[in-house]
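**Student:** give me a 3D structure for the following:
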Amino acid sequence: MLNISDNTVKDDIRLEDFSSYNKISLSRANVFFKRWLIITFIILLIILFFPWTQNIQSKGIVTSLNPEHRPQTIHSTIAGRIEKWYVQEGQLIKKGDTIVHLSEIKTEYFDPMLVERTGQQADAADQTIGFYQQKANALEQQIGALRNELQLKKQQLANKIEQQQLKINSDSIDLERAIIDLQIAERQLNRTKALEEKGLKSLTEVEDKNLKFQEAFAKRTSLQNKLAASRNEYLNTQIALTNVENEYLNKISKASSDRFSTFSEKYKEEAKAAKLRSELANYQTRSGFYFITAPQDCYVTKAMVTGIGETIKEGQPVVSIMPKEFTLAVEMEVQPIDLPLIHKGNSVNFIFDGWPAFVFSGWPNLTFGTYSGEVVAIDNEISQNNTYRVLVRKGPNDKDWPDALRVGSGAKCIALLEDVPVWYELWRKLNGFPPEFYNGTKMEKEESKQIENKAPIKSAK
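**Tutor:** Next up is the predicted model:
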């Protein structure tokens, strides 16, 4: 009906009396469906206001909390030949137990008496050092003796020089007297000649005075020669003093040079002895590497080399072990966009491989079969796969992790964040926003609560 006219007959006609109307009317099932839709919409609307725990999901792997408790390989410190195995794969061994025995393959270590002979060489070097020290001491005594002898020689020549000076003085006095005697004899001769010419003296007296003059002249000449000889002897003594000093200084210098050469040889021998002692210590230490031992109580997991007689290189892995005692933890990978939301102490749920679980990621209280832990470490450097590594262990109040869990098992990690309404979480995911960061808000709320709690106390004062 178009209801074009203002005059209607709708109220005057009962549609239920027409069979065609009854055929096209809604059934009761449609009515129930309509009601179900309305109830479902109301329930969904109510659910939208339910609290939802935001979370970050990532993959992880089971590891050990302490690095020394993680699986490791034992390497050979030296190159060698396998002589004997003392363990089997899967065997529990204690710290210090022998794993494998090696023998030498390098020619410089083949001598079975290498340690003893190197020790003998070191002892011989020590004795040589003692001999050099004794020689240096003897040379030092010789230098001292030469110095004392030089002082005695110098004193002896100094005394001789003093005697020569006294002799020169005595000869000078004698010469002066001889000169005076010669002058007197000359005057007497001249006076006698003058008197002889006057006839007052005889020729015999003239000859006698002439003889005395010649004797005085000869004596003066002899004393002059004697004085010259004394002066020459004085000069020779001074020269001898200088020669003696130079001679002994040369001897002392040579002895000092020999002494320093002895010290040089001694120091060379000390260096040789130190090198031999170092080689001896190296050989003794190397001999301890022939037996590879367990660094801690552990299980032998796999032998990297097998057989008897096989040679291995330095640093080559020989066997892999798993420590007996270890504390399990999980390494989870977190994207850089989610890293600011992870803090130490945050709770994380795990689904371990091999342990079924029924999970509601947003409602952890309804989750069944998961295990929980707390964050203990966060890497400051990004890894090669562009994620950050987060280390999680079992918390003090968390239920125990499975005893059969082993290092290397996989795990799905669900890091729990903050509680938000369901509608907000759906809106956030539809828009692609990251989870909310509520630490600042929480701190503000706590500070406001503290201020409110302190305010009445201040007013009461």
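
**Student:** which stretches of the stretch 101-250 of the chain have low pLDDT?
**Tutor:** Nowhere does the stretch 101-250 of the chain drop to pLDDT under 70.

**Student:** where along it do the helices fall?
**Tutor:** Ranges of helices within the stretch 101-250 of the chain are 114-198, 203-288, based on DSSP state H, counting those that start in this stretch.

**Student:** would you mind finding the longest strand in this protein?
**Tutor:** Counting by DSSP state E, the longest strand found in the chain is strand 51-64.

**Student:** now for that one, which elements pack on it?
**Tutor:** In terms of contacts (3 or more C-beta pairs under 8 Å, 6 or more residues apart in numbering; DSSP states H and E), strand 51-64 is packed against strand 328-334, strand 410-421, helix 422-431. C-beta here means a position set from N, CA and C on the backbone, and glycine is covered the same way.

**Student:** can you list the buried residues in the helix or strand just after that strand?
**Tutor:** Using DSSP states H and E, the helix or strand that follows strand 51-64 towards the C-terminus is strand 72-75. Counting neighbours by 16 or more other C-beta atoms under 10 Å, one finds that the buried residues in strand 72-75 are Gln72, Ile74.

**Student:** for stretch 296-303, same thing?
**Tutor:** Cys298, Tyr299, Val300, Ala303.

**Student:** any idea how far Pro402 is from the closest residue to Gly395 other than its chain neighbours?
**Tutor:** Closest residue to Gly395 apart from its sequence neighbours, by C-beta to C-beta, 6 or more residues apart in numbering: Glu374 at 4.2 Å. Taking C-beta to C-beta, to the nearest Å as the measure, Glu374 and Pro402 are separated by 18 Å.

**Student:** neighbour-wise, which of those two wins?
**Tutor:** Using other C-beta atoms under 10 Å, the more surrounded residue of Glu374 and Pro402 is Glu374, with 16 against 12.

**Student:** returning to what we had before: for Thr242, which of the helices and strands packed on strand 51-64 is the nearest?
**Tutor:** The closest of the helices and strands packed on strand 51-64 to Thr242 is strand 328-334. By C-beta to C-beta, the value is 91.3 Å.

**Student:** sheet partners, orientation included, of that closest one?
**Tutor:** Sheet pairing here is set by DSSP bridges, and for strand 328-334 it gives strand 51-64 (antiparallel), strand 388-393 (antiparallel).

**Student:** ok and the last one relative to strand 410-421, angle-wise?
**Tutor:** Angular relation of strand 388-393 and strand 410-421 on a 0 to 180 degree scale: 90 degrees, by axes from the mean of the first three to the mean of the last three C-alpha atoms, to 10 degrees.

**Student:** mind starting the numbering at 9 from now?
**Tutor:** With the count now opening at 9, the last piece we talked about shows up as strand 396-401.

**Student:** got the CA positions of strand 396-401 in CSV?
**Tutor:** In CSV, the C-alpha atoms belonging to strand 396-401 read as follows (Å, rounded to 0.1, in the frame of the first residue of the first chain):
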residue,chain,number,x,y,z
TYR,A,396,67.3,-8.0,21.3
ARG,A,397,68.0,-11.0,23.6
VAL,A,398,66.1,-11.1,26.9
LEU,A,399,67.0,-13.7,29.5
VAL,A,400,64.1,-15.1,31.7
ARG,A,401,64.3,-17.4,34.6
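
**Student:** ok, and what's touching it?
**Tutor:** With contact meaning C-beta atoms under 8 Å, 6 or more residues apart in numbering, strand 396-401 is reached by 68, 71, 73, 335-344, 347, 350, 356, 358, 381-387, 390-391, 421, 423.

**Student:** buried subset of those as a ChimeraX selection?
**Tutor:** In ChimeraX syntax, the buried subset of the contacts of strand 396-401 is picked out as below (16+ other C-beta under 10 Å):
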select :68,71,73,336,337,338,339,340,341,342,350,356,358,381,382,383,421,423
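
**Student:** export the helices of the stretch 109-258 of the chain to a markdown table and tack on distance to Val398 and mean neighbour count?
**Tutor:** Conversion of those to a markdown table gives the following (distance: least, C-beta to C-beta, whole Å; neighbours: other C-beta atoms under 10 Å):
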| stretch | distance to Val398 | mean neighbour count |
| --- | --- | --- |
| helix 122-206 | 52 | 15 |
| helix 211-296 | 41 | 15 |
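
**Student:** show me where the stretch 359-469 of the chain dips below the pLDDT cut-off.
**Tutor:** 365-377, 425-427, 437, 440-469.

**Student:** one step back: how much does the longest strand of the chain deviate in direction from helix 430-439?
**Tutor:** 60 degrees.

**Student:** tell me the buried residues in strand 59-72?
**Tutor:** Buried-residue list, strand 59-72, by 16+ other C-beta under 10 Å: Trp60, Thr61, Gln62, Asn63, Ile64, Ser66, Gly68, Ile69, Val70, Thr71, Ser72.

**Student:** the nearest residue to Thr200 once chain neighbours are set aside: what's it in contact with?
**Tutor:** The shortest distance from Thr200 to any non-neighbouring residue, by C-beta to C-beta, 6+ apart, is to Lys217 (4.4 Å). Lys217 is in contact with Ala193, Gln196, Leu197, Thr200, Lys201, counting by C-beta under 8 Å, 6+ apart.

**Student:** do the same with Ser295
**Tutor:** If you count contacts by C-beta under 8 Å, 6+ apart, then Ser295 has Val123 around it.

**Student:** TSV for the helices and strands packed on strand 59-72, including distance to Lys274?
**Tutor:** As requested, the helices and strands packed on strand 59-72 are exported to TSV (distance: least, C-beta to C-beta, whole Å):
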stretch	distance to Lys274
strand 336-342	60
strand 418-429	69
helix 430-439	84
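
**Student:** for Asn167, find the nearest of those.
**Tutor:** It is, among the helices and strands packed on strand 59-72 and with distance given as C-beta to C-beta, strand 336-342, at 98.1 Å.

**Student:** rewinding a little: which one of the helices of the stretch 109-258 of the chain lies closest to Ile113?
**Tutor:** helix 211-296 (12.5 Å).

**Student:** which helices and strands sit right next to whichever helix or strand comes after that closest one?
**Tutor:** Using DSSP H and E, the helix or strand that follows helix 211-296 in sequence is strand 299-301. Secondary-structure packing of strand 299-301 (3+ C-beta pairs under 8 Å, 6+ apart): strand 106-111.

**Student:** what strands flank the strand it packs on, and is each parallel or antiparallel?
**Tutor:** For strand 106-111, pairing defined by DSSP bridges yields strand 88-93 (antiparallel), strand 299-301 (antiparallel).

**Student:** so for the first one, mean pLDDT?
**Tutor:** Pointing back at strand 88-93 there. Here strand 88-93 scores 92 as its mean pLDDT.

**Student:** what does that strand rub up against?
**Tutor:** By C-beta under 8 Å, 6+ apart, strand 88-93 touches 107-113, 298, 311, 313, 315-320.

**Student:** hang on, the earlier thing: need the contacts of Lys217 in JSON lines with distance to Asn244, can you?
**Tutor:** Output for the contacts of Lys217, formatted as JSON lines (distance: C-beta to C-beta, whole Å):
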{"residue": "Ala193", "distance to Asn244": "34"}
{"residue": "Gln196", "distance to Asn244": "40"}
{"residue": "Leu197", "distance to Asn244": "39"}
{"residue": "Thr200", "distance to Asn244": "44"}
{"residue": "Lys201", "distance to Asn244": "45"}
